[in-house]
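# Okay, predicted coordinates and the sequence, questions at the end:
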Amino acid sequence: MINITTEKVPIKMWLDEIEDGAMQQAKNLANLPFVFKWIALMPDCHQGYGMPIGGVLAAYQVVVPNAVGVDIGCGMCAVKTSLKNINSDQLKKIISLIRARIPLGFNHHKHPQQWQGFDNAPDIPIIQQELQSAQYQLGTLGGGNHFIEMQKGSDGFIWIMLHSGSRNFGLKIATEYHKKAMYYCAQNKYQLTDSNLAYLPVKTEEAKEYFEAMNFALEFARESRLKMLEVVKDAVASVCINVSFDETINIHHNYAALERHYGHDVIVHRKGATSARKGQIGIIPGSQGTRSYIVIGKGNPESFMSCSHGAGRKIGRKEAQRKLDLKHEKKILDDQRIIHSIRTVKDLDEASGAYKDIDTVMKNQQDLIDITVSLVPLAVIKG
C-alpha cells in the first residue's frame, strides 16, 4: 500500500501506478471538508466522473451521488454448476439460447417484465416517471463491460458469471440527484474541488430521497441479474443433462451505505469497489481473456473493508479501438479456445489489452482478500 500525504487527508493506494486523471480526482476527494480518515484506492483504480472508479470514500453526514456513479447497483452474479466438463458444441448452443432470450446493448424486452418491486416502488417523482420504461429494462444486460460468461473453476466445476447494473433506470436517478446536489451546493455557496463532487447533507429531504431511490435501484439491479441468471441456467439445463446449481452469489459494487468504521457511523461510498468484510464472499472478474476470482474478505479496516471490483481499465474505450491490434487480440482468445465477442475494431474497447493485468491486481490486494476459486473463461457474451 502506498500512502500519499500531500492533501488534507491521506490517500491510501493498493496499486503501484495510477494515471494522472485518477490521481487528480483522488486529490479532489481528499480535500473535501467531510472526508473521514482517508481516501482508499483499490488496485483496479482508473479515472471516472468526479471520483475514480475503484475508489472508496467514507464521509461524515453527507452523500455524494457521483461517488456512487451513474450505474447504481452495478454488480456481479456467480453460481457453481454440478458440471465438471462441457464441450465447445454445448457452449455454442448455450450461448445461442442466451442471445435469443436476453436483450444486449441498448436493446430492451418487447414486453414488460414482472417483479413485485414495481408494485412497491417509492413515490419519488423520478422513479414514478421512469417506472414504465424500467419494466422493459429489467433482465437486460446492457453494454460496455457487462457480460455473461461460462467458466471452468480451479475447483473442477463449471461456473456461470454475470455482470450488469441498473441500466437507464439507474442513470436517470443518478443524473437527477447529481443535479439536485449541484443546486444545493450552489444555493449554500459550498466550495467544491470539482463540480462533479456535489453533495447533499443527510439531514436534507433531497438526501433522504436519494437514499430511498438508490436503494430501490440496487434492488432493481439485483433482481435484473437474477432474472438473467435464470435464463442462463435454463439454457445450460436444456443442453446439459441432469445439471444442478449451487446457491447464487449476488453482490453490487456501485453504492453508498451507512457503516461503522473506527468507532464512527459514516456513509461509505464504493464506486467500482466491492465490500470485503471478514468472511464475506466476493467476485472479482478479469477480462474476457483472463481469470476471474471468487474471494473471501479479510475485513481490512484501512480499505474500509473493501477490495477491487475487477481488473480495471488500462486505456479508454476509444483509445483501445485506435491502438490495439484486432488480429493480435483475437489470437490471444482463439489460442485459449475461448468463444469470445471480439469481431471488429469496435469490439476492441473490451479486449483483454484494454485492461490491467489481473494477476498484478490480485497481488496488490493480498491483505484485503483471499482467493477461494480461480475461474478460466470458456465462452463470453458481451453487451
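Arrived safely, thanks for sending. Residues are numbered from 1 along each chain as shown.

# and the residue found closest to Phe106 once you drop the neighbours it is linked to in the chain, what element?
Leaving aside its sequence neighbours, Phe106 sits nearest to Gly143 (C-beta to C-beta, 6 or more residues apart in numbering; 6.7 Å). Quick note: C-beta positions are derived from backbone N, CA and C, even for glycine. Assessed by DSSP states H and E, Gly143 sits outside every helix and strand.

# max-length helix in the protein?
Identified as the longest helix of the chain according to DSSP state H is helix 205-239.

# Could you list the buried residues of the lengthiest strand in the chain?
Counting by DSSP state E, the longest strand found in the chain is strand 369-382. When burial is assessed from 16 or more other C-beta atoms under 10 Å, strand 369-382 yields the following buried residues: 369, 373-382.

# And stretch 149-162, by the same measure?
Within stretch 149-162, the residues scored as buried using 16+ other C-beta under 10 Å are 149-153, 157-162.

# What of stretch 289-308?
289-298, 300, 302-308.

# Could you do stretch 164-184 as well?
Neighbour counts over stretch 164-184 (16+ other C-beta under 10 Å) mark 164-174, 176-178, 180-182, 184 as buried.

# same deal with stretch 241-248?
Going by neighbour count (16+ other C-beta under 10 Å), the buried part of stretch 241-248 is 245, 248.

# Output that stretch in CSV with nothing but the alpha carbons.
Output of stretch 241-248 as CSV, limited to C-alpha atoms (Å, rounded to 0.1, in the frame of the first residue of the first chain):
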residue,chain,number,x,y,z
ILE,A,241,-28.4,-33.4,-18.8
ASN,A,242,-29.0,-33.7,-15.0
VAL,A,243,-27.2,-30.4,-14.2
SER,A,244,-27.8,-28.7,-10.8
PHE,A,245,-26.8,-25.3,-9.5
ASP,A,246,-25.4,-24.1,-6.1
GLU,A,247,-26.6,-21.1,-4.2
THR,A,248,-26.1,-17.8,-6.2
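
# Contacts for that stretch, please.
Identification of contacts with stretch 241-248 by C-beta atoms under 8 Å, 6 or more residues apart in numbering yields 77-83, 160, 226, 229, 233, 236-237.

# How about the stretch of helix or strand Glu319 belongs to, which residues are buried there?
Using DSSP H and E, Glu319 falls within helix 317-323. Of all the residues in helix 317-323, those buried under the rule 16+ other C-beta under 10 Å are 320-321.

# So for stretch 232-250, first residue to last residue, what's the gap.
Stretch 232-250 stretches 15 Å from its first residue to its last (C-alpha to C-alpha, to the nearest Å).
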